[in-house]
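Chemist: Any chance you could fold what I've pasted below:
(2 chains)
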2 protein chains.
Amino acid sequence: MQPMFTGQVLPIVRERAGGAVLRTRVLRIASMAESDVDQAAAPVYKTFTNPRTTILGAAGQVELHLTAEGRSEAEAEELIEALAVGIRQALPGRIFSEDGRELPEVVADLLRDQGRTVAVGESCTGGLLSARLTDVAGASAYFERSIVTYSNRAKIEELGVDAGLVERVGAVSEEVAAAMAEGARRVAGTHIGVGITGIAGPDGGTPEKPVGLVYVALDGAAGTRVRRAVFPGGRERVRYQATQVALEMLRRGLLGLAPL
Amino acid sequence: MQPMFTGQVLPIVRERAGGAVLRTRVLRIASMAESDVDQAAAPVYKTFTNPRTTILGAAGQVELHLTAEGRSEAEAEELIEALAVGIRQALPGRIFSEDGRELPEVVADLLRDQGRTVAVGESCTGGLLSARLTDVAGASAYFERSIVTYSNRAKIEELGVDAGLVERVGAVSEEVAAAMAEGARRVAGTHIGVGITGIAGPDGGTPEKPVGLVYVALDGAAGTRVRRAVFPGGRERVRYQATQVALEMLRRGLLGLAPL
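Modeler: Alright, predicted model coming up:
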């Protein structure tokens, strides 16, 4: 289909368009609500009529589609860039991609370029973060191992999480997330460790620890940081959003926007 | 949309259909080529004009859609069942679902019903099998832990795979797949262990061990079985198909169609 389109259809469409060219650039932002992205970006993009901007929200990701019409590709790209500059300023450090790459690819490229390695200890996400990190070709350059510690015993045995700690604060806690990230990094001997623990649902929630509660921890030379989030949506969405948070924390740390 | 459809649209459609009822049942088969399924099933379904049968193939899964028209739901279901009986005989033990369930749910239900637990040691699939097994609600009943051993060192340290064996036969081999399954089961203390090792690509292939080569091992009380496969398609498809093979081996073992 693609050669048919580019060879036969596109030239006809081009001629009928009378020389006008449409270009679209997609700005991607992770683990930020659509309303928050729009609140920051709308004051900028609303002052432009060319490009037009469309905002698209999905679980754990928001996209701004900037579409410009010009007399040439270069002119359309210039018009897009004029708006993109403003949006970047409105969302400092939050746009992870403008070139079509998804978040795992961006993180993979950063890890590879910096020669850094990562290990994962994940619970409620059940291997999804590892699967996403290794979905990128050449993952063996930065991905060492991952331990999916679904049971408490596995957390204790595999990641050296203190049994007393689990008893005291519960498996879904800031402290255990941190201990999992530290354990993954120590056991695997990598530069970075990631820990994820939470309640993906639909069962297992309590008033204090509701379904959707997730702790994501990042451990590196600069110490351990933990982010707490309560995600809406069903099991699949909660798990996916948790991996987006972890990837975004990795990205920010690797870019020096946060300690790592 | 759904209440609008069932409340307002459906009654009108029903009246216009003049009392005729259409019913569809989907028969799902895992890790079997579309052409092989069709070769077995076509001689049966081609003798029927009602139901009509459509075959749909995707990576690692084939679906037979049986659609019957009757004067009532019961009649349509009877017509479907008359054909389904024949297809079941043509594909003995190969249909994993006729009720809408996907393969991980079927395996999860079998594990839960039998009170059996599973642990996974996976390499090229990078956590995808674990993610699919834990995507089902209540996975903690049967899923203990998983170790994603991407590096050779991780295979040796985490799963007790013999370093000399890896050196001798290579990480992508029948022997290492078996050792990973045995190691996962021993380390986690579960009833069943699964091991997966292979070359997801796009790089890393050789003439002897091409991209797409995967070994899947299942270890249980009855010993260890290994299946070798060479999957077509890109990285994502290779990984997905490998998890389908593992799930189908689990299903057949749990149903007593193969030793486990």
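
Chemist: which residues in the stretch 51-200 of chain A form strands?
Modeler: For the stretch 51-200 of chain A, the strands defined by DSSP state E, counting those that start in this stretch occupy A:52-58, A:61-70, A:95-97, A:118-122, A:143-149, A:192-198.

Chemist: Ok, which of those comes nearest residue A:25?
Modeler: Residue A:25 sits nearest to strand A:61-70 of all the strands of the stretch 51-200 of chain A, at 4.9 Å, using C-beta to C-beta. Backbone N, C-alpha and C define where each C-beta goes, glycine included.

Chemist: can you tell me which residues contact residue A:146?
Modeler: Counting by C-beta atoms under 8 Å, 6 or more residues apart in numbering or on different chains, residue A:146 touches A:119-122, A:127, A:129-130, A:133, A:184, B:126-127, B:147-148, B:150.

Chemist: and with 7 Å instead?
Modeler: Listed by C-beta atoms under 7 Å, 6 or more residues apart in numbering or on different chains, the contact set of residue A:146 reads A:119, A:120, A:122, A:130, B:127, B:148.

Chemist: Look up the residues forming beta bridges with the last one.
Modeler: Put plainly, it is residue B:148. With DSSP bridges applied, residue B:148 shows beta-bridge pairing to residue A:146, residue B:122.

Chemist: Report how many residues lie close to it.
Modeler: Neighbourhood size, residue B:148 [other C-beta atoms under 10 Å in any protein chain shown]: 33.

Chemist: Can you read off the pLDDT for it?
Modeler: On the pLDDT scale, residue B:148 is placed at 97.

Chemist: Check the third one too.
Modeler: Reported pLDDT at residue A:122 in the predicted model: 97.

Chemist: Excluding sequence neighbours, find me the nearest residue to residue A:37.
Modeler: Closest residue in space to residue A:37, ignoring its immediate chain neighbours: residue A:62 at 4.4 Å, by C-beta to C-beta, 6 or more residues apart in numbering or on different chains.

Chemist: distance of the one you found from chain B?
Modeler: Distance, residue A:62 to chain B, by C-beta to the nearest C-beta, to the nearest Å: 24 Å.

Chemist: Pretty sure that residue sits against residue A:34.
Modeler: Yes. Counting by C-beta atoms under 7 Å, residue A:62 does reach residue A:34; the two are 5.0 Å apart.

Chemist: what touches both of these two?
Modeler: residue A:55.

Chemist: When these two are compared, which one has more neighbours?
Modeler: Using other C-beta under 10 Å as the criterion, residue A:62 and residue A:34 rank with residue A:62 on top: 24 against 15.

Chemist: Show the contacting residues for that one.
Modeler: Contacts for residue A:62 (C-beta under 7 Å, 6+ apart) come out as A:29, A:32, A:34, A:37, A:55.

Chemist: got a winner among the residues you listed for most neighbours?
Modeler: Neighbour counts for the contacts of residue A:62, by other C-beta under 10 Å, peak at residue A:29, which reaches 25 neighbours.

Chemist: among the contacts of residue A:62, which two are most distant?
Modeler: By the measure C-beta to C-beta, A:32 and A:55 form the most distant pair in the contacts of residue A:62, at 11.7 Å.

Chemist: biggest helix in chain A, by residue count?
Modeler: Secondary structure of chain A per DSSP state H: the longest helix is helix A:235-254.

Chemist: Name the residues of chain A found near chain B, please.
Modeler: Residues of chain A that fall close to chain B, judged by C-beta under 7 Å from any C-beta of the partner chain: A:126-128, A:130-131, A:134-135, A:137-140, A:143-151, A:154, A:158, A:188, A:202-203, A:235-236.

Chemist: Touching, residue A:119 and residue A:182? I think so.
Modeler: No. With contacts counted by C-beta under 7 Å, residue A:119 stays clear of residue A:182, the gap being 10.6 Å.

Chemist: now the lowest-mean-pLDDT helix or strand in chain A, how far from the chain's geometric center?
Modeler: None of the helices or strands of chain A scores lower by mean pLDDT, DSSP states H and E than helix A:10-16, at a mean of 86. Distance, stretch centre to chain centre, for helix A:10-16: 38 Å (C-alpha atoms, centre = their mean, to the nearest Å).

Chemist: what sits up against the following helix or strand past it?
Modeler: Scanning forward in sequence from helix A:10-16 by DSSP states H and E, the next helix or strand is strand A:21-30. With contacts defined as C-beta under 7 Å, 6+ apart, strand A:21-30 is touched by A:37, A:60-73, A:76-77, A:80, A:84, A:87, A:91, A:94-98, A:100, A:103, A:244, A:247-248.

Chemist: Swap in 8 Å and give it another go.
Modeler: The contact list for strand A:21-30 (C-beta under 8 Å, 6+ apart) reads A:37, A:60-73, A:75-77, A:80, A:84, A:87, A:91, A:94-98, A:100, A:102-103, A:244-245, A:247-248, A:251.

Chemist: repeat for stretch A:63-82
Modeler: With contact meaning C-beta under 8 Å, 6+ apart, stretch A:63-82 is reached by A:19-29, A:37, A:41, A:45, A:48, A:50-57, A:83-84, A:87.

Chemist: just the buried members of the residues you listed?
Modeler: Buried members of the contacts of stretch A:63-82, scored by 16 or more other C-beta atoms under 10 Å in any protein chain shown, are A:21, A:23, A:25-29, A:37, A:41, A:45, A:48, A:51, A:53, A:55, A:83-84, A:87.

Chemist: For the stretch 151-260 of chain A, which residue gets nearest to chain B?
Modeler: The nearest approach of the stretch 151-260 of chain A to chain B comes at residue A:154, 3.7 Å away (C-beta to the nearest C-beta).

Chemist: hang on, isn't that residue packed against residue B:140?
Modeler: No. Using C-beta atoms under 8 Å, residue A:154 is not in contact with residue B:140, being 10.7 Å away.

Chemist: and stretch A:205-225, which residues are buried?
Modeler: Buried residues in stretch A:205-225, counting neighbours by 16+ other C-beta under 10 Å, are found at A:209, A:211-220, A:224-225.

Chemist: Endpoint to endpoint, that stretch covers what distance?
Modeler: 24 Å (C-alpha to C-alpha, to the nearest Å).

Chemist: Average pLDDT for it, rounded please.
Modeler: The model assigns stretch A:205-225 a mean pLDDT of 97.

Chemist: chain center to that stretch: distance?
Modeler: Relative to its chain's centre, stretch A:205-225 lies at 16 Å (C-alpha atoms, centre = their mean).

Chemist: Could you do stretch A:14-31 as well?
Modeler: For stretch A:14-31, the distance to the chain centre is 24 Å (C-alpha atoms, centre = their mean).

Chemist: helix/strand/coil for residue A:202?
Modeler: coil (DSSP: H, G, I helix; E, B strand; the rest coil).

Chemist: Leaving out chain neighbours, which residue sits closest to it?
Modeler: Among residues not flanking residue A:202 along the chain, residue B:137 sits closest, at 5.5 Å (C-beta to C-beta, 6+ apart).

Chemist: any idea how far residue A:58 is from that neighbour?
Modeler: For residue B:137, the distance to residue A:58 equals 22 Å [C-beta to C-beta, to the nearest Å].

Chemist: Assess the claim that residue A:34 and residue A:57 are in contact.
Modeler: Yes. Counting by C-beta under 8 Å, residue A:34 does reach residue A:57; the two are 3.2 Å apart.
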